[in-house]
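> here are the coordinates; sequence isn't available:
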């Protein structure tokens, strides 16, 4: 149990997706320093929400999610992680 506690992230983080550009799936990794409601949303460049990937309570730890963009047009999108007072946004590129 102690080893698990030592391996918990000390900060919130959103990492760059890979592969990027992608077609049609990509992996998004993030870390949570403490438990809470987590929302990961994908937006187009006009700021319109195109997908909600995660919207649920999570415990502290590291997470990896697959995003399937098969319904998206080619182009640049933004993905945003929000949890508590933390938020971060990164760019992803869909290439068909």
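Now that the structure is in, tell me what you want to look at. Here the structure is a predicted model, which means the values were calculated and not measured.
> in stretch 15-25, what counts as buried?
Of the residues in stretch 15-25, 17, 22 count as buried by neighbour count, 16 or more other C-beta atoms under 10 Å. Every residue, glycine included, has its C-beta placed from N, CA and C.
> What's the end-to-end length of that stretch?
16 Å (C-alpha to C-alpha, to the nearest Å).
> what's the answer for stretch 19-39, then?
Note: stretch 19-39 ends 21 Å apart using C-alpha to C-alpha.
> Show me where this structure dips below the pLDDT cut-off.
Along the chain, segments meeting pLDDT under 70 span 1-6.
> What segments of it are helices?
Counting by DSSP state H, the chain has helices at residues 2-6.
> What's the local residue count around residue 42?
19 (other C-beta atoms under 10 Å).
> Isn't it up against residue 48?
No - Residue 42 is beyond contact range of residue 48, at 10.0 Å (criterion: C-beta atoms under 8 Å).
> Now do residue 41 against residue 96, distance only.
Applying C-beta to C-beta, to the nearest Å, the value for residue 41 to residue 96 is 22 Å.
> Need the contact partners of stretch 39-53.
28, 30, 54-55, 65, 67, 69, 72, 75-83, 92 (C-beta atoms under 8 Å, 6 or more residues apart in numbering).
> So residue 41 and residue 96 - more neighbours on which side?
More neighbours surround residue 41 than the other of residue 41 and residue 96, with 17 against 11 (other C-beta under 10 Å).
> Would you check that residue 20 makes contact with residue 92?
Yes - taking C-beta under 8 Å as the definition, residue 20 is a contact partner of residue 92 at 5.6 Å.
> Quickly list what's touching both of these two.
Counting by C-beta under 8 Å, 6+ apart, the shared contacts of residue 20 and residue 92 are residue 26.
> Just the endpoints, please. Distance across stretch 40-56?
9 Å.
> now do stretch 63-83
Stretch 63-83 end-to-end distance (C-alpha to C-alpha) = 13 Å.
> From the contacts of stretch 39-53, keep the buried residues only.
The buried subset of these (16+ other C-beta under 10 Å) comprises 28, 30, 54, 67, 69, 72, 77, 79, 81, 82, 83, 92.
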